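Novice: I need the structure of the sequence given here:
(2 chains)
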There are 2 protein chains.
Amino acid sequence: MDNAGYCSESFHSLQSGTSDEDMVEIAGATLDFSSTDDVPPLDRDCSSGYSAHGGGGGVLNGGTKLMDLLDEPVPGVGTYEDFNTIDWVREKSKDRDRHREISSKSKESTWALLHSISDAFSGWLLMLLIGLMSGALAGGIDISAHWMTDLKEGVCLNGFWFNHEHCCWTSNETTFQERDSCPQWKSWAELIMGTTEGAFAYIVNYLMYICWALLFSFLAVSLVRAFAPYACGSGIPEIKTILSGFIIRGARGLLLWQHLCHLFTKYRKNEAKRREVLSAAAAVGVSVAFGAPIGGVLFSLEEVSYYFPLKTLWRSFFAALVAAFTLRSINPFGNSRLVLFYVEFHSPWHLLELVPFILLGIFGGLWGAFFIRANIAWCRLRKTTRLGHYPVLEVLVVTAVTAVLAFPNDYTRTSTSELISELFNDCSLLDSSKLCDYVNANASKSSNELPDRLAGHNVYTAMWQLALALVFKMLITVVTFGMKVPSGLFIPSMAVGAIAGRLLGVGMEQLAFHHHDWDIFKGWCSPGADCITPGLYAMVGAAACLGGVTRMTVSLVVIMFELTGGLEYIVPLMAAAMTSKWVADALGREGIYEAHIRLNGYPFLEAKEEFSHKTLAMDVMRPRRSDPPLSVLTQDSLTVEDVETLIAETSYSGFPVVVSHESQRLVGFVLRRDLIISIENARMRQDGIVSTSRIFFTEYTPPQPPSSPSPLKLRGIMDLSPFTVTDHTAMEIVVDIFRKLGLRQCLVTHNGRLLGIITKKDILKHMAQMANRDPDSILFN
Amino acid sequence: MDNAGYCSESFHSLQSGTSDEDMVEIAGATLDFSSTDDVPPLDRDCSSGYSAHGGGGGVLNGGTKLMDLLDEPVPGVGTYEDFNTIDWVREKSKDRDRHREISSKSKESTWALLHSISDAFSGWLLMLLIGLMSGALAGGIDISAHWMTDLKEGVCLNGFWFNHEHCCWTSNETTFQERDSCPQWKSWAELIMGTTEGAFAYIVNYLMYICWALLFSFLAVSLVRAFAPYACGSGIPEIKTILSGFIIRGARGLLLWQHLCHLFTKYRKNEAKRREVLSAAAAVGVSVAFGAPIGGVLFSLEEVSYYFPLKTLWRSFFAALVAAFTLRSINPFGNSRLVLFYVEFHSPWHLLELVPFILLGIFGGLWGAFFIRANIAWCRLRKTTRLGHYPVLEVLVVTAVTAVLAFPNDYTRTSTSELISELFNDCSLLDSSKLCDYVNANASKSSNELPDRLAGHNVYTAMWQLALALVFKMLITVVTFGMKVPSGLFIPSMAVGAIAGRLLGVGMEQLAFHHHDWDIFKGWCSPGADCITPGLYAMVGAAACLGGVTRMTVSLVVIMFELTGGLEYIVPLMAAAMTSKWVADALGREGIYEAHIRLNGYPFLEAKEEFSHKTLAMDVMRPRRSDPPLSVLTQDSLTVEDVETLIAETSYSGFPVVVSHESQRLVGFVLRRDLIISIENARMRQDGIVSTSRIFFTEYTPPQPPSSPSPLKLRGIMDLSPFTVTDHTAMEIVVDIFRKLGLRQCLVTHNGRLLGIITKKDILKHMAQMANRDPDSILFN
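Specialist: Residues are numbered from 1 along each chain as shown, chains lettered A, B, ... in the order given. Here you go, the predicted model:
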């Protein structure tokens, strides 16, 4: 237990000693990678390095040029090591080469044609599989979560596998309102002692509640430790980082999708294509978790994804459709609805109500800013103190405290989803909730009309309990988000907002009831009619709080109205989301996910924040003025030994190739990893390659004197089109290029001569420095 | 009338003689541009050229360096001519420079601080104005369109300014169903002849209908000719092109927004910032036109915009919120709803119904593909024959034909929105529509239950009329889209789909009624219950047809459920949208907007289509192998006369600057326009600048011999960070760079030496060539 580090620590420990430059681990990793499980199978046919750069020659040409004696390219060239950043441009051209090769071959035989067709449809097929599996998984999770929540309070005599609602359905066709009197469902006290009365029965129920909570949380934390050792919290910060191009092979939570990807060559071999699939999977995940297909797609677009072309949008859309369809077929809520909290309000809102809605927006913004600061402070405490060494214990202690505090309050004892559902719903005459205990002044009215909304005694009790629940939820969420269990953020945030909104809504309602002669209520709230819908306030509050924490706008509103069906209330929802975003942004620019990314030091280049400093490329590039000159290779004057010495002496992850040291005119760029693999391979398998062999990056190798050892031609592994900027380029443009093209590094020139290099990490460090943060907080490459 | 060319022809006539290279007009344009109305006011303080490139010096520094004697930069440097493409990178850095300057000044005085604050909020303020104005405009348009539609059939005696519905409200509190019997509303025959009976009355009504239709269309076409001379059809192709960076100053339809932009310095001076505003305005336009705030924002994101950063998303969202709020306050439909076609269905859909829904998707895809081909063929006919010379006559003839054909059929006589609304709605017992004439077999049933759905005689009549209306709508839409009136595409396409869907829906319903013992209907369609909702089929059909034409997915579904409130039917809508997109894409890759852009030869680099050819930058760049070498400037060896000769002899819109002709090492890039303006200005205002003056692009000017004329320093107008790629760069990467960064041109190097140049137009021509299209179909620069 005490050996398990927290997610970020586990990463850190893998990187022993960070250097200023991009550092790669050499020993071991280059040779034994094919035997480990986490590395994708070798690329045997088409990943020999850069594509379409070989002057008209494709990849295979490059490969044959590279080694005259071998008819297959060097395995491993063009792959990545763990905890490194991928080069999007390179990955994308690799895929387009593959595609072109398959299409050109497709004319040769029927088999090749079939291969080409299946390749073209593999993306959609993969989406179909992802959709089906996500839908089925979500259905299963919905059903079992429901069952487990109810198990904390009691058990069904007809079969322990029924939840409270199904138990009562089976026994008798009772309505929802009579579920408390269903005879087949026994609370634990009833089952053990035969009674539900008295303090002792209460204590039995209380203890059983705590025991089950502890058992379930122990199960959860064990599952996480087994299958997703790096996961903490919602995992969205990690997904964001992975999608931006960072490689975390240990993220086993994604293993399911990664295995699916391995079914198809196109995705097995390409880190960029795989990220497209993950973007779509993230969309589907949110879609099915909330029953909001479009909202999920937009969430992935607005919040999670880094590179989201229209094609991915369409595929995500398709996968979300399949998942929604699957979920609809499973029908976990038993009401033919996908929606978690379906509401139906009947009264329109009044324009003046925008004032309380905006107030809720301000509350949401304040809550978001507070939550982010408090949660980050708590997580930092966990990272820096001994607390972080006992993750399982922490989970169990927090569970115990939560269970002890939650049971006595009706509104925290049930699951949070049920609480939100109750808060969103409008009262009708049949509703048995305490929140709907209104004094029915006009009992003689026809049953279709709602009573006057004078609050009864129970409403005031409920208000107190809700206020306590609000404080409880606010504090507990700060602690739970980021623990070693996949505790989300959406539902707790929405609960906080829904409670606050309902409180304000009931307040407004009573104000209007008691003072319907006030000018603001006149002509709108006539006596006897209800003019204010407290459930709507709860919905708006939930949107505001979720928005304050995540800073979503469009996707938030879409999720909210997909969740509730409250399409008529789009203006209130938008107003609250916008206000909450403004208020929260004014108090701190970062949303919760960005804050966690920064806390963990992931190399993530934020696309939202504008780079507004006036520095130039020359201020950021390496080498600095006082540094030794850039380590470069020359295109035709180095021997194998020279290169091996350079590799041993430096730790750079790549080297520019120039015409000559004097001219410093740039020819291309070679990655360290590719260079090491190619030289080792050539030494092992190619005749006549010795330490004194000359290495040529040129297109044509000049004839060698007969006595000299045979030359090593390495043009095939060289990137002939490295990105360059001039030293006078403004950093804002450089940052823009890195973001939009997904670069890993960029070379800097002055008047056509090579001057230096800028890597993604250099940019992140520079940005940290400009924002007066510690540049060494950026870890990994 | 006959002088008015069609939209694209008007553009063509402006460009007299296209050359192979990027061509600019020199004479006149450079001097008199300040006197024309369409060019934004001069940049007097901060647009002297490139920003942050001056080696640490800002724009003003560059300005003072540029001319020692003048304390302000040359007016006009850094602006664009009409029908040219902007450079996004340059525009964005100009704006960031402005921003930095204002923020750094803000510490100096309270006034500067206020200026800085107002500048920071000007974007949001502009969005507020746009939202308010769009909402108000849309409200006005909704009300007057309603009124004008009704005026074609009759008039209100209480006041001619009431429409049919309001007229009857005023006279009596009748329900919608009794509107036909409202005494205050007189049809034209009734008013003129005192009767509605008989053939003659019918003819009077018929003639009045045609007259009003002609009058309204004449009004429309006159308004268009006065305010939007280039507009044709929906204008979305033009907006797409403008948003991608092309300058069409004559697009006066956008003048309103352009004037709004002029209120704020930030937007007045910057083409890129102005396009951000236009993106948002496009979002708001769709939002208010359909009462779909989120759908509009997504439409702008998925379909219209080229560059849509998250900041623009939030601003569009805010503007759409304000507009929706304004529209809600105006309440044009009188029902507190934003929604155009609100529906409420009560029965859930069955999984088996997905089969007809997918059939509707296929129909929508086929219709989309047919429509695009037919419409483009018609528009090409209009462009190439004399038809195009009589736009007003064409509009009037089409109107007359439409009116003559439309009047006899009940389903084409009313406005298309009303038709769609009727088709979407489910029948209830009260509904007086012919479509709802079901034989009530179980009349003894309680009134809450729906009758058996055996179709009566009127339903069959309605089916025939609808089938005729379908054919009519399909043919007429092909002709009307692209005419000289702003005729949209959304409503007609939706109408086509809604008719087809309703027909299929009624068919399914009768099938289920007559054969409810079939296996597929068993357990789902019990006799006496209605299991099929024809209105839902109409809704799904509408989505499918709109999707087939525009190829939208996510935004389509969001618009559909914002239009109808039918959130429960998200899976049917998604399935239809996806099928329709697949089918239509299989028959032709382009959506209607892209097809029109290509028809008009606009320089639009499509972001959706992947470039899949294997060419390299060296295959596309100019000069080609047989061409004369690239025209370049050297940094310190040319005289003013040399440069003037070069400008006179070539028509390139810019010149690379190199160290020397021998080395060809790249220093920077100068735009022709900036060069001309700077030299003219220096000759006029700067002492000692004569034809033999040396021009220096270097940072330090070497001391000149005393006898020689004073040197002209032009480093300030040079772009010190031109984009470069190597000659071996794959074109797919180059295209990606152009798209994502919004470049206008890119220089090509080999081993550090300058080789050639690639412009956006070169890329478009190359793409046309690779697709076996005529490369000369790409017009403009």
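Novice: only C-alpha atoms from now on, for both contacts and neighbour counts.
Specialist: Fine.
Novice: how far away is residue A:457 from chain B?
Specialist: Residue A:457 is 35 Å from chain B, where distance means CA to the nearest CA, to the nearest Å.
Novice: go ahead and list the helix or strand containing residue A:378.
Specialist: Here residue A:378, judged by DSSP states H and E, is contained in helix A:354-384.
Novice: so how far is that helix off the chain centroid?
Specialist: 20 Å (CA atoms, centre = their mean, to the nearest Å).
Novice: tell me which residues of it are tucked away?
Specialist: A:354, A:356-376, A:378-379, A:382-383 (16 or more other CA atoms under 10 Å in any protein chain shown).
Novice: do the same with stretch A:694-704
Specialist: Going by neighbour count (16+ other CA under 10 Å), the buried part of stretch A:694-704 is A:694, A:695, A:696, A:697, A:698.
Novice: pull the CA atoms of it into PDB?
Specialist: Extracted in PDB, the C-alpha atoms of stretch A:694-704 (Å, rounded to 0.1, in the frame of the first residue of the first chain):
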ATOM      1  CA  ARG A 694      31.500   7.500 -43.500                       C
ATOM      2  CA  ILE A 695      27.800   8.400 -43.000                       C
ATOM      3  CA  PHE A 696      26.100  10.100 -45.900                       C
ATOM      4  CA  PHE A 697      22.900  12.000 -45.700                       C
ATOM      5  CA  THR A 698      23.200  13.100 -49.300                       C
ATOM      6  CA  GLU A 699      21.100  11.800 -52.200                       C
ATOM      7  CA  TYR A 700      24.000  10.500 -54.200                       C
ATOM      8  CA  THR A 701      27.000   8.900 -52.500                       C
ATOM      9  CA  PRO A 702      30.300   9.900 -54.200                       C
ATOM     10  CA  PRO A 703      32.400   6.900 -55.200                       C
ATOM     11  CA  GLN A 704      34.600   5.800 -52.400                       C
END
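Novice: now do that stretch, average pLDDT.
Specialist: Stretch A:694-704 carries an average pLDDT of 86.
Novice: equivalent analysis for stretch A:166-174, please.
Specialist: 59.
Novice: go on, stretch A:555-565?
Specialist: 81.
Novice: from residue A:597, how far out is the residue most central in space within chain A?
Specialist: By CA atoms, centre = their mean, the mean C-alpha position of chain A lies nearest to residue A:236, the distance being 2.6 Å. Here the criterion is CA to CA, to the nearest Å. By it, residue A:236 lies 9 Å from residue A:597.
Novice: name the helices or strands packed onto the longest helix along chain A?
Specialist: Determined from DSSP state H, the single longest helix within chain A is helix A:110-151. Where contact means 3 or more CA pairs under 8 Å, 6 or more residues apart in numbering or on different chains; DSSP states H and E, helix A:110-151 is packed against helix A:88-105, helix A:255-262, helix A:271-290, helix A:310-330.
Novice: at 6 Å what do you get?
Specialist: Packing partners of helix A:110-151 (3 or more CA pairs under 6 Å, 6 or more residues apart in numbering or on different chains; DSSP states H and E): helix A:310-330.
Novice: between the helix it packs on and helix A:110-151, how many degrees?
Specialist: Note on geometry: by axes from the mean of the first three to the mean of the last three CA atoms, to 10 degrees, helix A:310-330 and helix A:110-151 are set 50 degrees apart in direction.
Novice: contacting residues around helix A:310-330?
Specialist: A:127, A:128, A:131, A:132, A:134, A:135, A:139, A:280, A:284, A:293 (CA atoms under 6 Å, 6 or more residues apart in numbering or on different chains).
Novice: so who does the last one touch?
Specialist: What that stands for is residue A:293. A:287, A:320.
Novice: residues of chain A that sit close to chain B?
Specialist: Within chain A, the positions adjacent to chain B are A:53, A:665, A:666, A:667, A:721, A:726, A:728, A:729, A:751, A:752 by CA under 6 Å from any CA of the partner chain.
Novice: could you single out the nearest of the buried residues of stretch A:694-704 to chain B?
Specialist: Ranked by distance to chain B (CA to the nearest CA), the buried residues of stretch A:694-704 are led by residue A:698 at 11.0 Å.
Novice: in three-state terms, label that closest one for me.
Specialist: coil (DSSP: H, G, I helix; E, B strand; the rest coil).
Novice: again, but for residue A:668
Specialist: Classified using three-state DSSP, residue A:668 is strand.
Novice: what about it, how many residues nearby?
Specialist: For residue A:668, the neighbour count with other CA atoms under 10 Å in any protein chain shown is 26.
Novice: over to residue A:307?
Specialist: Residue A:307, neighbours per other CA under 10 Å, totals 20.
Novice: helix, strand or coil for residue A:500?
Specialist: Applying three-state DSSP: residue A:500 is helix.
Novice: distance check, it against residue A:349.
Specialist: Residue A:500 is 19 Å from residue A:349, by CA to CA.
Novice: kindly report the same for residue A:91.
Specialist: Distance from residue A:91 to residue A:349, by CA to CA: 52 Å.
Novice: any buried residues in the helix or strand hosting residue A:681, and which?
Specialist: Assigning secondary structure by DSSP H and E places residue A:681 in helix A:672-685. The neighbour-count check on helix A:672-685 (16+ other CA under 10 Å) flags A:672, A:673, A:674, A:675, A:676, A:677, A:678, A:679, A:680, A:682, A:683 as buried.
Novice: how about stretch A:320-336?
Specialist: A:320-333, A:336.
Novice: thinking again about what came up before, excluding chain neighbours, what is closest to the residue nearest to the centre of chain A?
Specialist: residue A:593 (6.8 Å; CA to CA, 6 or more residues apart in numbering or on different chains).
Novice: then residue A:660?
Specialist: residue A:634 (5.4 Å).
Novice: likewise for residue A:710?
Specialist: In space, residue A:710 is closest to residue A:688, 5.5 Å off (CA to CA, 6+ apart).
Novice: does the one you found belong to a helix, a strand or coil?
Specialist: coil.
Novice: surely it meets residue A:708?
Specialist: No: using CA atoms under 6 Å as the test, residue A:688 is too far from residue A:708 to be in contact (9.6 Å).
Novice: of those two, who's got more company?
Specialist: Taking neighbours as other CA under 10 Å, residue A:688 and residue A:708 compare with residue A:688 leading, 15 against 11.
Novice: tell me the pLDDT of that one.
Specialist: The model's pLDDT for residue A:688 equals 81.
Novice: please report how far it lies from residue A:94.
Specialist: In terms of CA to CA, residue A:688 sits 31 Å off from residue A:94.
Novice: again, but for residue A:542
Specialist: Taken as CA to CA, the span from residue A:542 to residue A:94 is 45 Å.
Novice: neighbour count for the two, which is higher?
Specialist: Higher neighbour count among residue A:542 and residue A:94: residue A:542, with 34 against 24, using other CA under 10 Å.
Novice: quick one: what helix or strand has that one in it?
Specialist: helix A:534-550.
Novice: quick one, strands of chain A?
Specialist: A:154-156, A:185-187, A:438-439, A:454-455, A:633-634, A:638-639, A:654-658, A:666-671, A:694-696, A:712-713, A:724-726, A:745-750, A:753-759 (DSSP state E).
Novice: okay, those strands in TSV with distance to residue B:703 next?
Specialist: Output for the strands of chain A, formatted as TSV (distance: least, CA to CA, whole Å):
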stretch	distance to residue B:703
strand A:154-156	95
strand A:185-187	98
strand A:438-439	93
strand A:454-455	91
strand A:633-634	38
strand A:638-639	43
strand A:654-658	35
strand A:666-671	33
strand A:694-696	45
strand A:712-713	49
strand A:724-726	27
strand A:745-750	24
strand A:753-759	26
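Novice: do you know which of the ones you listed lies nearest residue B:712?
Specialist: strand A:745-750 (23.0 Å; CA to CA).
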